[in-house]
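K.L.:
Okay, sequence plus prediction incoming.
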Amino acid sequence: MSNPWRSINSVETDEGVLELRQRGEKDFLITIAGRVLMNSAANRSEIMLAELACHYVNNQESPRVLLGGLGMGYTLRAALDKLPLDSRVIVAELNPSVVTWCRGPLAHLTAAAVDDIRVKVMIADVASPIRETAVNGKTGRFDAIILDLYEGPFEAARKKNNHLYGSAALKMSNSALVPGGVFAVWSEDPDKAFERRLASAGFSFKRHRPPRGSHVVYLARKGG
């Protein structure tokens, strides 16, 4: 008989209770309102997301990467493993409890990736640094923007003005990237409407699916 899940910590959010659960020594879940957001045993698509994005920027001098969503830290760990020592990774995470978990009970899963000297954590919606960088012009543009959020563009397909995946938001992300910069997005499923919006925003893109994985990774690049 398998060990039962036990709650380690929980916090109230506007979407319901955000909870960290553990079973045995190695298995962890993060749930919200009872819905599983991420599982420590299933992270192929998150790792592919980071590896594909950082493959294109790891030869840049002092690359700047923006990561939206910390989760259990697997995407961040995969990015750091691909990036040079002079890189800078800004992580935008909405909930400070998630950061605390990644520095505490989840730290051993990623060799404490969140405390790497290349990492700066912001408690913010990732749309904020994207908008700020786009508005400020050329200074401080990103070599890569990686969005690893539990509601990807498939959910946003019903919200064309979505603040991250809508038409205006995608044009903002394009402006926040250097020429040739990478925009990488996790999605639960393929989304043709999102693909059309990517193209309209000035991105070329490819859709990837990890081996034996059920999710989708979009790798888009800005012209130039």
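P.N.:
The structure has been received and is ready for your questions. Residues are numbered from 1 along each chain as shown.
K.L.:
biggest helix in the protein by residues?
P.N.:
Ranked by number of residues, the top helix in the chain under DSSP state H is helix 44-55.
K.L.:
For it, which helices and strands make contact with it?
P.N.:
Packing partners of helix 44-55 (3 or more C-beta pairs under 8 Å, 6 or more residues apart in numbering; DSSP states H and E): strand 64-68, helix 74-82, strand 142-147, strand 177-187, strand 216-222. Glycine gets a C-beta too; all of them are placed from N, C-alpha and C.
K.L.:
Pull out the buried positions in the last one.
P.N.:
Residues Val216, Val217, Tyr218, Leu219, Ala220, Arg221, Lys222 are the ones in strand 216-222 that count as buried (16 or more other C-beta atoms under 10 Å).
K.L.:
any chance of the residues you listed in JSON lines, plus distance to Cys102 and pLDDT?
P.N.:
Listed next are those as JSON lines, based on distance: C-beta to C-beta, whole Å; pLDDT from 0 to 100:
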{"residue": "Val216", "distance to Cys102": "25", "pLDDT": "90"}
{"residue": "Val217", "distance to Cys102": "22", "pLDDT": "93"}
{"residue": "Tyr218", "distance to Cys102": "25", "pLDDT": "96"}
{"residue": "Leu219", "distance to Cys102": "25", "pLDDT": "97"}
{"residue": "Ala220", "distance to Cys102": "27", "pLDDT": "97"}
{"residue": "Arg221", "distance to Cys102": "29", "pLDDT": "97"}
{"residue": "Lys222", "distance to Cys102": "30", "pLDDT": "96"}
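K.L.:
nearest to Leu147, of the residues you listed?
P.N.:
Distance to Leu147, by C-beta to C-beta, is smallest for Tyr218 among the buried residues of strand 216-222, at 9.1 Å.
K.L.:
OK, contacts around the residue nearest to the spatial centre of the chain?
P.N.:
Centroid-nearest residue in the chain, with C-alpha atoms, centre = their mean: Asp148, separated by 2.4 Å. Counting by C-beta atoms under 8 Å, 6 or more residues apart in numbering, Asp148 touches Glu46, Leu49, Ala50, Leu67, Gly68, Gly69, Gly71, Thr75, Trp186.
K.L.:
And Gly180, by the same measure?
P.N.:
The contact partners of Gly180, taken as C-beta under 8 Å, 6+ apart, are Tyr56, Arg221, Lys222, Gly223, Gly224.
K.L.:
so the first one makes contact with Arg221?
P.N.:
Yes - A contact is recorded between Tyr56 and Arg221 when judged using C-beta atoms under 8 Å, the distance being 7.3 Å.
K.L.:
Now do the shared contacts for those two.
P.N.:
Joint contacts of Tyr56 and Arg221 (C-beta under 8 Å, 6+ apart) are Gly180, Val182.
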